[in-house]
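Undergrad: What shape does this take:
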Amino acid sequence: MAREDPTSGGWCEALYDAHAPALLLYGRALGLDASEAEDVLHDVFRALLELEAPPDEPAHYAIRAYRNRAMNRRRGFLRRCLRERHSLDWFETTPDRSSEESLAMEALAGLPGAQREAIVLKIWHGLTFDEIGRVQSVSPNTAAGRFRYGVAAIRRRVGPFPESLGNPCPHPHP
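TA: This is a model prediction of the structure:
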């Protein structure tokens, strides 16, 4: 089986197919509205396609590039006001959305940005705390703390996680 030419862009297409939805959610967690999150996603992948060779860790590179572009984009005051107005509408609305799902989404939206970001990176992107720390430019312990505090705040608001979802942040005391 012949190996794909790394300059062909197939690696980038596969990366997009595998990570675009999670990156869009990450953009929403960073405070972008839906159209801004899509714009940043396309900017990142356009830049990735211009690279001469794939990065060593394409998924992590894409997350970091996405975060950098998102942070640059959200610096404007008017954009910040629009993001706050739309922050409760991160996920696509479905007619069968349960009240628990709506409450959980509101609880996630109400977290401080760094906690919300850590939760999205851990649960939807599957990053380790070391990787989250590198993305957020903090220590792994700080990343883990942001995740735990955020999950604890969500728990206080919505109650325990259903057993079917597992327990993303076990409580140290039974």
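
Undergrad: Now do the domain split for this structure, please.
TA: Domain ranges of the chain: 1-90, 91-162, per automatic domain parsing.

Undergrad: Give me the distance between the most centrally placed residue in the chain and Glu101.
TA: Nearest to the mean C-alpha position of the chain, by Cα atoms, centre = their mean, lies Tyr26 at 2.4 Å. Going from Tyr26 to Glu101 by Cβ to Cβ, to the nearest Å gives 19 Å. C-beta coordinates here come from the backbone N, C-alpha and C atoms, glycine included.

Undergrad: just checking, next helix/strand downstream of the worst-scoring helix or strand of the chain on mean pLDDT?
TA: Scoring the helices and strands of the chain by mean pLDDT, DSSP states H and E places helix 77-86 at the bottom, with a mean of 56. Using DSSP states H and E, the helix or strand that directly follows helix 77-86 along the chain is helix 99-109.

Undergrad: other SSEs contacting that following helix?
TA: Where contact means 3 or more Cβ pairs under 8 Å, 6 or more residues apart in numbering; DSSP states H and E, helix 99-109 is packed against helix 113-123, helix 140-158.

Undergrad: Which one of the ones you listed lies nearest to Pro55?
TA: The closest of these to Pro55 is helix 113-123. By Cβ to Cβ, the value is 17.9 Å.

Undergrad: which residues touch that closest one?
TA: Contact with helix 113-123 is made by 22, 25-26, 29-31, 63, 108-109, 111, 127, 129, 131-132, 135-136, 143, 146-147, 149-151, 153-154, 168, as judged by Cβ atoms under 8 Å, 6 or more residues apart in numbering.
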